[in-house]
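**Q** give me coordinates for this.
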Amino acid sequence: MTPARTWPALGIALLVAALCGCGGGSGTPAAQLTTLVVTPDKCTMDVGTDRQFVAKGYDQRGNQISIAPIWSVEGNIGTATPAATTCSLHASAQGTGKLVATHAGIRGEADVTVVGPEDRQLTNITMQPPSATLHVGDTLDIAALGFDQYGDPCDLDPVWSVTGGIGAVAPTVLTAATSSTHRFTAGAQGDGYVRAVDGSAVGQTSIQVLPAGTGPLTNLFFLHHSTGDGIVTEGNMRAQITSYNAGNGTSFTFWDHGYNYEGLRGPSGGRTGTSYNIPGDNTDPDGLHTLWTTANAARTSIMGNHQVIAFKSCFPASAIPDAATLNQYKQWYLQMRDYFDAHPERLFIVMSTPPLHRLSTDVVEADNARAFADWLKSPQYLSGHPNITCFDLLDALAKPDDGSATRNMLRYDYEMSHGDGDSHPNALANETVGPAFAAFLIQAATAYSP
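**A** Residues are numbered from 1 along each chain as shown. Predicted coordinates:
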C-alpha cells in the first residue's frame with residue numbers, strides 16, 4: 001500500500017509533466033515550415049522575356065509563415081534574379097526546366113517551358129459567357145478569349161456571326177489583342193449561337209431568346225471590392241449557383257466585377273479582359289451615388305449586360321461617425337432609388353456595409369452602421385419599390401446588437417486576426433455568407449417578375 005505522504009509529491013510530478021508537455025505548456029506545437037509554394041507553378045515563356053514568381057511558405061496548420069528562400073534554375077532555360085520571396089526569371093533559351101525555391105530543406109518549384117514566338121499557335125477560343133438566356137431587345141457583351149497550345153493567352157482576330165436568326169452582333173471597344181468583344185442584341189425569339197472563328201479555332205455562346213418582358217431574370221451580377229471577392233471565391237458562389245441549376249433545371253449565370261484593374265469575371269470564374277471602369281473606382285456610398293445617378297459608361301454597360309444587379313461598399317464605409325453622415329448616406333440611396341424606379345426591367349440588390357473589426361471602430365460608428373443597415377431593409381426604403389430588395393451583409397457578419405461593447409462589429413470568430421484591426425472577414429465567414437448570398441440572389445430573381 002502506498003503511504004499517504006507520497007501522493008502530494010506524485011501530484012506535483014504529474015502537474016509538472018503536464019505543463020512540460022506539448023511545447024512547454026502552450027498546448028500548440030511550434031510552427032514549422034511544411035509546404036513551399038511557387039506561383040505561378042507552371043507557365044510558358046517566350047525567349048527573351050521576363051516573368052515574376054513568388055514563393056510562400058506554410059506551416060503544418062496551413063498558416064503562412066515567413067521564409068527566406070534560395071532560388072535556382074534547373075535546366076538551361078534562363079537566369080534567375082532573386083529578391084527575397086520574389087524572383088524574376090529571364091528566359092534565354094528554348095526548352096523545359098524548373099525555377100526552384102528552397103528553405104530549410106523544403107522545396108517549391110515552377111515548371112517552365114520556354115518557346116520561340118513562332119511556336120505559339122491559336123488552338124482554342126473560349127467564350128464568356130458560354131451560354132445566356134435573354135429577352136427580345138436585351139443586349140449582352142460577349143468576349144472571345146484566345147489560347148495557344150500551352151494554354152496561355154494568344155492573339156486572335158476572329159470573324160463573328162450569329163446563327164438561328166435571333167439577333168446581331170457588333171464590335172465594342174477592343175480591350176486586348178488576346179480577346180475580342182462583341183455586343184449581341186437579341187432581335188427575335190428562338191435558340192441560336194454567337195460564334196467567333198479564327199482559322200480552325202471556334203468558340204460559341206449558346207443563346208436562348210425569350211419574348212420581351214417574359215420569363216425569369218437569370219443574369220446575376222455583383223459589383224464589389226476586396227471583401228466581396230472573398231465572399232465570391234471562398235464562399236464558392238459559382239458552384240452553389242451551378243448546383244442549383246443542375247437540381248432545378250434553371251439557367252442562372254453569375255458575373256462579378258472587382259476593382260477596375262481586375263475587371264469582370266464571367267460565369268466560369270475566369271476574367272473576361274473587360275473592365276466597366278467604375279467612376280473613380282469608387283464603391284463607397286458617394287461613388288455608388290455617382291455611378292447610378294449620372295450618365296456614365298459603366299452604368300450603361302452594367303444595365304446593358306445584366307438583369308439582377310447587386311452592389312456594395314466595403315467595410316471603411318461602416319465608419320459612420322455621426323447622424324449627419326448617416327443622413328447623407330440615406331439621401332444618396334434615396335436618389336439612387338429614383339433611378340432604379342425608372343428601370344423596372346431590372347432587379348436591384350442594395351447591400352448594407354460589412355462591419356468593421358472591433359479594433360478599428362467604436363460603438364458609435366458601429367451603431368450607426370447598424371442603423372443604416374436596418375433602414376436599407378426597412379419598408380421606409382423598400383415599400384412600393386418592387387424591383388429593389390436588400391441583402392443585409394452587416395447582419396450576416398456582425399455581432400448582434402446585444403448591448404455589449406463589441407455589438408455590431410465583426411464577429412470574433414469571423415476575424416482574420418484577433419491581434420490587429422484587419423476588417424476583412426476570414427474564410428469561415430466567407431464560407432458561411434457566400435452560399436447564403438447566392439441563394440438570396442436566386443430567390444430574389446425568381447420572385448420578381450418585370
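**Q** alpha carbons of stretch 42-52, in CSV - could you do that?
**A** What follows is stretch 42-52 as a C-alpha-only set of coordinates in CSV (Å, rounded to 0.1, in the frame of the first residue of the first chain):
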residue,chain,number,x,y,z
LYS,A,42,3.5,26.3,-64.3
CYS,A,43,3.9,28.6,-67.2
THR,A,44,5.2,29.0,-70.8
MET,A,45,7.5,31.9,-71.6
ASP,A,46,8.8,33.4,-74.9
VAL,A,47,12.6,33.6,-75.4
GLY,A,48,13.9,37.0,-74.3
THR,A,49,11.0,37.7,-71.9
ASP,A,50,11.0,38.0,-68.1
ARG,A,51,8.4,36.8,-65.6
GLN,A,52,8.0,37.4,-61.8
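**Q** list of residues touching it?
**A** Applying CB atoms under 8 Å, 6 or more residues apart in numbering, the external contacts of stretch 42-52 come out as 78, 86-94, 110-117, 120, 148, 150-152. Bear in mind the C-beta positions are built from the backbone N, C-alpha and C, glycine included.
**Q** go again with 7 Å.
**A** Under the contact criterion CB atoms under 7 Å, 6 or more residues apart in numbering, stretch 42-52 has outside partners 86, 88-94, 110-117, 150, 152.
**Q** report the buried residues of it.
**A** Residues of stretch 42-52 classed as buried by neighbour count (16 or more other CB atoms under 10 Å): 43-47, 51.
**Q** for stretch 133-153, same thing?
**A** 133-136, 138-148, 150, 152.
**Q** one step back: the buried residues of stretch 42-52 in strands, which ones?
**A** Among the buried residues of stretch 42-52, DSSP state E puts 43-46, 51 in strands.
**Q** and those residues, which is closest to Glu431?
**A** Cys43 (29.7 Å; CB to CB).
**Q** how far away is the closest one from Ser72?
**A** 17 Å (CB to CB, to the nearest Å).
**Q** of all the ones in strands among the buried residues of stretch 42-52, which two lie farthest apart?
**A** Pairwise over these, using CB to CB, the maximum falls at Cys43 and Asp46, 10.8 Å.
**Q** picking up where we left off before, reformat the buried residues of stretch 42-52 as TSV; add distance to Asn387 and pLDDT.
**A** Output for the buried residues of stretch 42-52, formatted as TSV (distance: CB to CB, whole Å; pLDDT from 0 to 100):
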residue	distance to Asn387	pLDDT
Cys43	46	89
Thr44	47	88
Met45	49	90
Asp46	50	88
Val47	55	90
Arg51	47	93
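**Q** got the CA positions of stretch 61-75 in PDB?
**A** The C-alpha trace of stretch 61-75 is given here as PDB (Å, rounded to 0.1, in the frame of the first residue of the first chain):
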ATOM      1  CA  ARG A  61      -1.700  24.100 -39.900                       C
ATOM      2  CA  GLY A  62      -1.800  25.800 -43.300                       C
ATOM      3  CA  ASN A  63      -0.900  29.200 -41.900                       C
ATOM      4  CA  GLN A  64       1.500  31.400 -44.000                       C
ATOM      5  CA  ILE A  65       4.900  31.900 -42.300                       C
ATOM      6  CA  SER A  66       8.000  34.000 -43.000                       C
ATOM      7  CA  ILE A  67      10.600  32.400 -45.300                       C
ATOM      8  CA  ALA A  68      13.900  33.400 -46.900                       C
ATOM      9  CA  PRO A  69      14.100  31.100 -49.900                       C
ATOM     10  CA  ILE A  70      17.200  30.300 -52.000                       C
ATOM     11  CA  TRP A  71      16.300  30.500 -55.700                       C
ATOM     12  CA  SER A  72      17.800  28.400 -58.500                       C
ATOM     13  CA  VAL A  73      17.200  27.300 -62.100                       C
ATOM     14  CA  GLU A  74      17.200  23.700 -63.300                       C
ATOM     15  CA  GLY A  75      17.600  23.200 -67.000                       C
END
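**Q** sounds good, over and out.
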